Every structure is written in C-alpha cells, then in structure tokens.
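>>> give me coordinates for this.
(chains A and B)
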Amino acid sequence: MIRIPLRPLATILKARKTGKNPDDIERANIRQRHEDMQDESRMRAEGRLLVLGMLFFLGFLSISARMAFLAASEPSEPKVHSFGGAIHAQRADIVDRQGRILATNMETTALYAHPQELIDPKNAVKQLVRIFPDLDEQRLLRDFSGPRKFVWVKKKVSPEQKQAVYDIGDPGLLLGPREMRLYPNGRLAAHVLGGARFGREGVHAAEVLGVAGVEFTFDEYLRDVVNYDVPLQLSLDLSVQAEMEQLLAGGMRVMNAKGAAAVLMDVHTGEVIALASLPDFDPNHRPVGSGKNPDNPLFNRAVQGVYELGSTFKIFAVAQAMELGLVNPDTVLDIRGPIRFGRFRIRDSHYLGKELSVSDIIVKSSNIGTARIAQMIGVDRQQQFLRDFGVFEKTSLEMVEASGGKPLLPPKWTELSTMTISYGHGLSATPLHLAAGYAALANGGYQVTPTLIRKEHPTQGLRIVSENVAKASVAMLRKVVTEGTAKRYGDVPGYAVAGKTGTSEKQKKNGPGYDKDRVLASFASVFPAHDPQYVLVVTMDEAVETVGLKPRRTASLTAVPVAAEIIGRVAPLLGMRPHFEPQVLTKVELTAN
Amino acid sequence: MRSLFYITSALGLIALAFWAYHENFLTQRMLTKTEQLQTEIGQSRAKLRVLRAEWAYLNRPERLRDLAALNFDRLHLFPLSSSHFGRADQVAYPRLEERDLVQPVAASARGGIE
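Residues are numbered from 1 along each chain as shown, chains lettered A, B, ... in the order given. A predicted model of the protein is given here:
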C-alpha cells in the first residue's frame, strides 16, 4: 500500500516560503487519511453484510423450496421402516380352537369401467354378458352409453374371468385389486361366523366389513392393524361342528322338522364347542333379508329363538327346592290332580299315580309334582334363582344376534306363573340359556357365562347351588335316561348321558291357547354323568315322527334319538374315552355254617 | 505451511464429497432392493394366504366325508366311535415267530449259561 506522507517536503517548503503554517498541511493530510480509512472499512463491512445477507437468503430460499416441494409432492411411506405395511391382509383370520381356518382373506379382482373411454360399448357389453351371465345386459348398456364416468361392473372376478376381460381388449374396462372374505368350509358354522360385505370401495382397495355373527361383534378387532397376524381363535371345534350339523340335518329330515338347533358347551369354561341352527346358509353368498324373521335361514334358532322350553325346566325348580332344604330326592309328594287355579288347570300328560318321590317327578316328568314344588318355593325366591341362572337376561355370547335372544317373562309374575314356569311354560328362553343353566348344574353349581372365544383356563362363576344339590340333580337327570322318558333312545354306551326331555306345544298362530300339532321338542343333556364335561341341548321345531300308525311328537321320540346320535359321534371326537359305569353287583350273602 | 493446510483441506473436501456421493448411491440402491424385497414378501404372503385358504377348502369336513365314502372299499374308514378306544392290555404283543431270536440265543450260549 502506498502511504501518502503527512508532511510532503515540497509542499512544506512551499508553505514556508508563503508564510503558511506547515502543521495545517499535516492536519489536513491526517484528516484525509482518516477519511480514506473510514471509507475502506465501511466498504468492507458493507461487503460482508451483503455476503451474509445473501447466505441467509439462500438458506431461507432452500428451506422454503423444500417445504413447497414437500407440500406439493405425493406422500409416500418411508421405505426402510415399513416392513410390508401395505402387504398384510386387511382383516385377521378366524380360526377354530385347533387353529383350523374358518374365515380368511383372499386377493381377487374387481372390474369397473370408464364408459367415456370405451371404444365399442355395445360389443363390450355383449362380451361381458357372455363372461358373466348374471349381468343385466340392458342396464349395463344404459350405464355404458349414458353420461356416467365410472361404473362398477363386478366386485369379484376370478383369474379366468379376468383373462377373458383382458381378451375383450377394450381400454375402458379396468381391473383393480381387491380383498374378499372367504369361508372355505362353506355352510359350516354359518350362523356363528355371520358374513362380510364391502364397505367403502375404491379402485385400489375396498373395506371388508362384518355384517353378522362374530364377524360383526369383533369387527374392530379383526380390522385392527395390530392384529393382522393374530387370528381370532374361537372356541368352536371344526370337526365337532361339522359332525353335529350333519347329524342334526339328518335328524331334522327324518323327523320332518321345520327347523332345529343344537348347542354343545363345555360345562367348566362356558366355551361353546359347537352351535348349529338349521336351516342354514352359505356365508360366502349371504342371502339378503332380515335375520329377525324366524323362517329366514339367517335366523339363529339357538341364540335368537326364544321358546317355551317345557319340561327341561323342571330340574331348576327341583334343584332350588333341594337347595332350600324343602325336599330331598326321596321326599314323596302328592301328585293328584289336576290342580285348579282359577280357570286354569295343571295336569300331567297321562296319569302317573297318586304320589311320587321328587326324583320320580323328574324321571316321569310330572307337571303337577313340579308345580307343587314351585308352590313351596314361592314367587320371589323362584325369580331370584332363575335370575342367578341367567334366564332373565339375554346371553352374553359374542354375537350380535345374542341381543335378539332376550327371554320373554310373564308381565305379571303370579303364583300361577311360578307354577307354570316350573315346568317350562309362561317363560320363553333360548336353547343357549338352557345350555348355560344345565352347565351350571353339571359343573357342581357354578354360574356359567357362555362364550365363543377360546379360553385357556376355566373361570369359576358365582356359586348358585351347593355341590351336593348339583350332584343330586345330575343323578336325577341320569335316571331320566336309564329309567325315565328318555330310556328308549337316550343312552349312549360308554358316555353315561343324563338329561331331560321337553315337549312344549307352541302357541296358536292366531288367537290364544296352544296348538297340539305344533310342538317344540327339546332334549337337554349332560355327559358323562359321573364327571360331567359337556352339555348338549337339541331342539327340534315342529318335529313329528311318522313311523307308527299315529304321528307322534314327544321329544323322547324326536329330539332324544338325534341328541344320542350326536353324543355318540361327538364325544370320541372330543377325545373322551368311553367309560362304563360299574354294574350293580349281584348281592353276595355271607353265610356261616 | 498455510498453503499445505489449504491443499489438504481441499483434498479432504473432495474425498468427503466423493464418499457422500458414493453413500448416496449405495443407499438408493439399497432402498430399491428393499422395495423389491417388500413386494416379493407381499406376493409370497398373498400366495401363502391363497395356499392356506386352498388347504382349508380342500380339507373341509364335507369334502373329506365324501372322499371317505367314495373310497370306502379301499380305506374302510368309519366315523370315530367309542368302540375305537381301547385299553393298553388290549394291544397284542408282536407274534413270536416274527422276532429274530437266533442271535440273542447264540450270545447267551457263549456266556456259558448253557
């Protein structure tokens, strides 16, 4: 840097000559130098500020550019961390207690059309109808030639059909992936599973929603992303269910019944091992209509159907009387009848003698005897007892249909109601209620909550009756099969069936009173009697046995043989070894000589 | 000294830039590969689901029952019943002549038992 001297000699000499103060020149020069220095440092500072400003500007520009890009671009999932996020099934499987598939998802294709892009709509419609004969040709033609821009043609298309659609070669016909619910076992356990339908539909996917049964009840669980790999395990057993349905269907045909239902339940856990209602349907093609109409196959007789279940209820009155200490199995009661109560008469189906022991009242199914016992119990105590058995409320089974099975109770619970209810009239409940009640007696007196979900451990409910009463009740039920109303067909060698028959006339369709020709035959059973494990309830709607000269409708000839057949087939499947009860030894007399 | 520092830092910068460039491409390649694998897993899962559904469909009780009935003359399959359960003492011992008794007898003979 060239420094300008503060006191340049030439200027000083000149100034001295002219008599000026040379210091002024120096001062002026110093000022000049300071001014220059100031200018320079300002320039530098300004330059720095500019560069810094540019840097900040560029920084903000890049950030805002990135933000704008992020806002404008299509969102995409992070690739590294999504372990097959979009690849899982949309809905968890449903499996039976041994892990066999009852419901699963399968990928299929949906066919839709953009009519505007169709080259030859008429030809396309003609070809489509050839591939899918169930399509309505006129309607499709109207849709394709109208102003619509989007038309669903078919929701499920098989691979062969898909190829055929490709072969039409029209660019307006488009295919999209789609998941569908599949029930590989067809009609099996149809009522329990319910069915599914498509919810919101898009071109790339569609929601699969449950419509009925467990599919509806557990809809949220099944659709939860967390549970995609965790199937819903039901308490049902596929092979037992299949066997029961087949035998029940056979029985229904032979007995000319309009419908039938059966429930098999574990007495300790309340798990429903099999639940059948006939007629049934195929959940893959769920029929339309209301499931509330009892004649619709969608109607679940075991869970929704409330019936007066007849004599099968008698054991509850007897068990309560024993629990209260009013009677014991050997107490003899006067059963002369009929009992007149106002205009109402209670009578037995046929003359059973003048007096019977409590045990024989069950074995021979005496209405009068049970009514007498109910009179001893009284209204309040009976209500409380039946409430404990769960007969007052709908069952807690995990199916939407269960809420439809609310028992019908008498509007005014009089002494007469108590008497009729004791033998199963005047109170309507579902076969499932009956099964839960019998299970409570069979497991030693603990309340049972029916469930469709597999349970690892038995859960103990509240105690309703003492163990001795429960045992005595089962012993009486066993006698019904060995010597009573179910003697002819009820016993299954090796499985010691105990149970009670019930034949209740149905109410007349129009007008009060009961119809003799329309009965509901039921058989509620427990097996094996010496160590009860399972409860089976079979009900047959309007069954009639026509082998003899006269059509016969009693449960002992309709429901009992079917139930016995089911137990004989199902018990080995449940892994139960036959157990032969010790025979009563012939008397050995000790003599001395 | 100063120029050496400048040169090394410039070289270092170039090396780091190269490394970053390289890593970037490696990552992108990995991402593409992951995506491919994910798709493959998805396809395999879908296949597995179809196979499981097919297995369940082919093993549905109705079909097995029909097959058992169709092939009854060859297989003699009956529905399981209580008579199929037995006790341990009902299981017969293997028949004696089927056993090869030659060697053990010879061995015991050598032991001087005879």
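>>> any idea how far the residue nearest the centre of chain A lies from A:Arg223?
In chain A, the residue lying closest to the centroid (CA atoms, centre = their mean) is A:Val214, at 1.5 Å. Distance, A:Val214 to A:Arg223, by CB to CB, to the nearest Å: 13 Å. The way it works is simple: take the backbone N, C-alpha and C, and place the C-beta from them, glycine included.
>>> if we can go back for a sec, give the helix, strand or coil label for the residue nearest to the centre of chain A.
On the three-state scheme (DSSP: H, G, I helix; E, B strand; the rest coil), A:Val214 is labelled helix.
>>> could you count how many residues lie near A:Leu352?
Using other CB atoms under 10 Å in any protein chain shown, A:Leu352 has 19 other residues around it.
>>> next one: phi and psi at whatever residue of the stretch 451-593 of chain A ends up closest to chain B?
Nearest to chain B in the stretch 451-593 of chain A, going by CB to the nearest CB, is A:Pro578, at a distance of 3.8 Å. Note on A:Pro578: backbone dihedrals following degrees, to the nearest 10 are phi -70, psi 140.
>>> where does the nearest residue to it once chain neighbours are set aside land in three-state SS?
Spatially, and ignoring its direct neighbours in sequence, A:Pro578 is nearest to A:Gly494 (2.6 Å; CB to CB, 6 or more residues apart in numbering or on different chains). With three-state DSSP as the basis, the three-state label of A:Gly494 is coil.
>>> quick one: name whatever helix or strand follows the lengthiest helix in chain B.
Ranked by residue count, the top helix of chain B under DSSP state H comes out as helix B:2-58. Per DSSP states H and E, the first helix or strand lying C-terminal to helix B:2-58 is helix B:61-70.
>>> in that following helix, what counts as buried?
Of all the residues in helix B:61-70, those buried under the rule 16 or more other CB atoms under 10 Å in any protein chain shown are B:Pro61.
>>> need the next SSE after it, C-terminal direction.
Immediately after helix B:61-70, counting by DSSP H and E, sits helix B:72-75.
>>> neighbouring contacts of that following helix?
The contact list for helix B:72-75 (CB atoms under 8 Å, 6 or more residues apart in numbering or on different chains) reads B:Ala68.
>>> how far out from the middle of the chain is that helix?
Distance of helix B:72-75 from its chain centroid, counting by CA atoms, centre = their mean, to the nearest Å, is 32 Å.
>>> try stretch A:527-545
Per CA atoms, centre = their mean, the centroid offset for stretch A:527-545 relative to its chain is 24 Å.
>>> what do you get for stretch A:366-374?
So, by CA atoms, centre = their mean, the centroid of stretch A:366-374 is 39 Å from its chain's centroid.
>>> residues making contact with it?
A:311, A:314, A:317-318, A:321, A:326-327, A:333-339, A:346-349, A:352, A:356, A:358, A:360-361, A:382, A:418-423.
>>> can you list the domain ranges for chain A.
A:1-35, A:94-233, A:240-573 (automatic domain parsing).
>>> those domains: which one's closest to B:Phe5?
Ranking those by proximity to B:Phe5 (CB to CB) places domain A:1-35 first, at 26.2 Å.
>>> check which residues of stretch A:547-561 are buried.
Result for stretch A:547-561 [16+ other CB under 10 Å]: buried residues A:Arg553, A:Thr554, A:Ala555, A:Ser556, A:Leu557, A:Thr558, A:Ala559, A:Val560, A:Pro561.
>>> alpha carbons of it, as CSV, please.
In CSV, the C-alpha atoms belonging to stretch A:547-561 read as follows (Å, rounded to 0.1, in the frame of the first residue of the first chain):
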residue,chain,number,x,y,z
VAL,A,547,-93.1,-94.3,11.6
GLY,A,548,-96.0,-95.6,13.6
LEU,A,549,-99.7,-95.5,12.8
LYS,A,550,-100.2,-92.2,14.5
PRO,A,551,-97.9,-89.3,14.1
ARG,A,552,-96.0,-88.8,17.4
ARG,A,553,-94.4,-85.7,18.6
THR,A,554,-92.9,-86.3,22.0
ALA,A,555,-89.3,-85.3,22.5
SER,A,556,-88.4,-88.8,23.6
LEU,A,557,-89.0,-90.0,20.0
THR,A,558,-87.7,-86.9,18.1
ALA,A,559,-85.1,-84.9,19.9
VAL,A,560,-83.7,-87.7,22.1
PRO,A,561,-82.5,-90.1,19.3
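>>> if we can go back for a sec, report the angle between the longest helix of chain B and helix B:61-70.
Counting by axes from the mean of the first three to the mean of the last three CA atoms, to 10 degrees, helix B:2-58 lies at 50 degrees to helix B:61-70.
>>> low pLDDT regions in chain B?
Low-confidence regions of chain B, defined by pLDDT under 70, span residues B:96-114.
>>> next one: the stretch 51-200 of chain A
Applying pLDDT under 70 to the stretch 51-200 of chain A flags the ranges A:77-89.
>>> which parts of it are helices?
A:121-131, A:137-145, A:159-168, A:190-193 (DSSP state H, counting those that start in this stretch).
>>> quick check: which of those helices is buried the most?
Counting by mean count of other CB atoms under 10 Å in any protein chain shown, helix A:190-193 has the highest mean neighbour count of these, with a mean of 27.
>>> what does the stretch 151-300 of chain A put close to chain B?
Contacts of the stretch 151-300 of chain A with chain B, taken as CB under 8 Å from any CB of the partner chain, map to A:Leu182, A:Pro184, A:Asn185, A:Gly186, A:Leu188, A:Leu238, A:Ser239, A:Ala242, A:Glu243, A:Gln246.
>>> could you dump these to CSV with neighbour count and distance to A:Ala65?
Conversion of those to CSV gives the following (neighbours: other CB atoms under 10 Å in any protein chain shown; distance: CB to CB, whole Å):
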residue, neighbour count, distance to A:Ala65
A:Leu182, 22, 50
A:Pro184, 21, 55
A:Asn185, 27, 59
A:Gly186, 18, 60
A:Leu188, 24, 61
A:Leu238, 24, 61
A:Ser239, 17, 66
A:Ala242, 22, 66
A:Glu243, 22, 70
A:Gln246, 18, 71
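>>> out of those residues, which sit inside strands?
Per DSSP state E, strands hold the following members of these: A:Leu182.
>>> and chain B, which residues reach chain A?
Residues of chain B lying near chain A (CB under 8 Å from any CB): B:31, B:34-35, B:38, B:41-42, B:45-46, B:49-50, B:52-57, B:59-62, B:65, B:79-85.
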